[in-house]
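J.: starting from these lines, generate the structure:
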Amino acid sequence: MQALLLWLRRHPLLVIVSVLVVLDGIFLSALYQRTHGVLKVSFLNVGQGDAVFIQAPNGNQLLYDAGPPTGAVLRELSKEMSFWDRSIDVAMFSHPDMDHMGGFIDVFNQYHIDLTLEPGASSTNGVWGEAEKIIREKHIGHLIARKGMMISLGDGVYADILYPDHDVTNSETNSASIVMRIRYGDTAVLVSGDLPSNLEEYEVATYGDSLHAQVLKLGHHGSRTSSSEAWLRAVAPDVAVISAGLNNRYGHPHKEVLALLEKLHIPYLVTFKEGTINFVSDGSTIARK
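T.: Numbering: from 1, shown residues only. Sure, this is the predicted structure:
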């Protein structure tokens, strides 16, 4: 040990250079983690809830929902993000139910958030009020999501808000769910929170085949209250993703929905079987990673 200390004293420049090289390596590693050259969409395995992490080719990130308040979202984000990455550009609450936004309190405490979007619905579940308080205290940007809004994540990746198209202050929370279509070149991913079937059909009447997306996250964890046949035919996904917890008390995904997917020849993946489900897109094709 003494010999090592003596050597360090005699070669201070070498020590400085070595430290700089290490720091440079760490910086480049973190930068590489944030820039992949492809769009990455991760349906996080958060148990009985929803959380979708989106990273554009330039590294900009959007988190749509954060699952229940179990710590699962932090565990799964740590697998998708660099250890050194402590910021997420946009956080979006599809609606204020506990299984969709409960995990955001942990996210706010762990990561710097630039902007939040939510539909404008309210809840008495306690987490919603706590989230609003944190947003105010940390001076985080805050917008009410409405049809026609478009978020540019850069490098040609856009998040289009398709719904709500009206004031949902007094709506039932599921009926307030934000419908968002992520598009990159010729590829698209569609998410819809817990939007019920009657509003899915309203969206079909509004948008028709322009709802098409290669990847669709089924509404309400595969519940029979969502995923109408009209909706599935309009979106016409190559694959459906179901975010649900193993042996959940609701019986999600419901057998009626799985039977409809089989009828329409739509393959599906479930988070409690697969874990976190990743897709990557180069703008021309999208595939599971």
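
J.: which stretches of the stretch 51-200 of the chain form helices?
T.: When assigned using DSSP state H, counting those that start in this stretch, the helices of the stretch 51-200 of the chain occupy the ranges 72-80, 98-101, 104-110, 127-137, 197-207.

J.: show me what the last one packs onto, helices and strands only.
T.: For helix 197-207, the helices and strands in contact under the criterion 3 or more Cβ pairs under 8 Å, 6 or more residues apart in numbering; DSSP states H and E are strand 157-163, helix 229-235. Just so you know, the C-beta spots here come from the backbone N, C-alpha and C atoms, and that holds for glycine as well.

J.: how far does stretch 82-102 sit from the chain's center?
T.: Offset of stretch 82-102 from its chain centre (Cα atoms, centre = their mean, to the nearest Å): 7 Å.

J.: let's have the helices of the stretch 51-200 of the chain in CSV, adding distance to Phe272 and mean neighbour count.
T.: Putting these into CSV (distance: least, Cβ to Cβ, whole Å; neighbours: other Cβ atoms under 10 Å) gives the following:
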stretch, distance to Phe272, mean neighbour count
helix 72-80, 12, 19
helix 98-101, 14, 24
helix 104-110, 21, 19
helix 127-137, 23, 16
helix 197-207, 23, 17
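
J.: now those helices as a markdown table including distance to Thr225 and mean pLDDT?
T.: Formatted as a markdown table, the helices of the stretch 51-200 of the chain follow (distance: least, Cβ to Cβ, whole Å; pLDDT from 0 to 100):
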| stretch | distance to Thr225 | mean pLDDT |
| --- | --- | --- |
| helix 72-80 | 24 | 98 |
| helix 98-101 | 14 | 96 |
| helix 104-110 | 24 | 97 |
| helix 127-137 | 22 | 94 |
| helix 197-207 | 6 | 98 |
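
J.: among those, which is nearest Leu258?
T.: helix 197-207 (15.6 Å; Cβ to Cβ).

J.: chain center to that closest one: distance?
T.: 22 Å.

J.: check stretch 103-114 too.
T.: With Cα atoms, centre = their mean, you get 13 Å for stretch 103-114.
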